[in-house]
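1. only geometry, no sequence info:
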């Protein structure tokens, strides 16, 4: 890792975090293109993004459980069942060509962009109203 | 049974794309399991911890996880997320959200054609 990679990584990581907190999108959708921009391959970026997500999700889950919003049993059922899906996903990701995966991720990003815009349009009352 | 199905889909999605899976878990919990928005978001965060850990473990076997890069973007992002969540209460996010959505779409096109 060069010094400029480190500086770029820290700055863009901070911006990605602010955006995900501000807009309620997960970190992964931002980490993957960021890691690709920093020079990782698509599969390395996906794998590394998953590691970067864990602490943020864990802190978020703990905070939400204090508000009583976290339903532990369903979370565990989904989590444990997901391991089978993960196993299949890892197999697919490590066997298809990277450019296919990269294009699929591009499609996913565009879909998320549309969803985010839709949500923003729907919430017209987001300005704090003057009294 | 529905939760198991949600987990399977979320796991596949998460591993393929390197995302937590919240994009699929939250709408499925609301639509298929009658969860409220807050409960769905919170419960999805809990599930993601397990899903992402499984992904890291399996990808590590293939030598695809780079802890240095994960820390490089993950640690500043945690600080940023705290700032972002606090700022959300105070500022209007609508125009920013629309601008950001355009940016996301732009990155998507770059990945698609680049």
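-> Received it, and whenever you're ready, just let me know what you need. Being a predicted model, the structure only gives us computed values, none of them experimental. Numbering: from 1, shown residues only, chains lettered A, B, ... in the order given.

2. Just the mean pLDDT for the longest helix anywhere in chain B, thanks.
-> In chain B, assigned by DSSP state H, the helix with the most residues is helix B:37-61. Helix B:37-61 comes out with an average pLDDT of 94.

3. and what of stretch B:2-18?
-> 96.

4. Same question for stretch A:79-94.
-> Stretch A:79-94 shows a mean pLDDT of 97.

5. sorry, back to before: now the longest helix of chain B: buried residues?
-> Of all the residues in helix B:37-61, those buried under the rule 16 or more other CB atoms under 10 Å in any protein chain shown are B:39-56, B:58-59. In short, each C-beta sits where N, CA and C put it, glycine included.

6. now, which of those residues lie close to chain A?
-> Restricting these to those near chain A by CB under 8 Å from any CB of the partner chain leaves B:39, B:41-56, B:58-59.

7. three-state assignment of the most centrally placed residue in chain B?
-> Residue closest to the average C-alpha location in chain B (CA atoms, centre = their mean): residue B:20, at 3.9 Å. Classification of residue B:20 using DSSP: H, G, I helix; E, B strand; the rest coil returns coil.

8. who's in contact with it?
-> With contacts defined as CB atoms under 8 Å, 6 or more residues apart in numbering or on different chains, residue B:20 is in contact with A:26, A:27, A:28, A:50, A:53, A:57, B:14, B:44, B:45, B:48, B:51, B:52.

9. Adding distance to residue A:84, write the residues you listed out as CSV.
-> Below are these laid out as CSV (distance: CB to CB, whole Å):
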residue, distance to residue A:84
A:26, 21
A:27, 24
A:28, 20
A:50, 16
A:53, 19
A:57, 20
B:14, 12
B:44, 18
B:45, 20
B:48, 16
B:51, 11
B:52, 15
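
10. between these, which is nearest residue A:82?
-> Comparing the contacts of residue B:20 against residue A:82 with CB to CB picks out residue B:51 as the nearest, at 4.2 Å.

11. Could you find the closest non-adjacent residue to the residue nearest the centre of chain A?
-> For chain A, the residue sitting closest to the mean C-alpha position, by CA atoms, centre = their mean, is residue A:28 at 1.9 Å. Nearest non-adjacent residue to residue A:28, counting by CB to CB, 6 or more residues apart in numbering or on different chains: residue B:19, 3.4 Å away.

12. how about residue A:21, what does it touch?
-> If you count contacts by CB under 8 Å, 6+ apart, then residue A:21 has B:80, B:81, B:82, B:83, B:84, B:85, B:86, B:87, B:88 around it.

13. Map the structural domains onto the sequence of chain B.
-> B:1-65, B:66-114 (automatic domain parsing).

14. Tell me which of these sits nearest to residue A:122.
-> domain B:66-114 (10.0 Å).

15. What's the mean pLDDT across that closest one?
-> For domain B:66-114, the per-residue pLDDT averages 86.

16. ends of it, how far apart?
-> Domain B:66-114 has an end-to-end distance of 24 Å (criterion: CA to CA, to the nearest Å).

17. for chain A, what spans make up the helices?
-> A:3-23, A:28-37, A:42-66, A:72-95, A:98-122.
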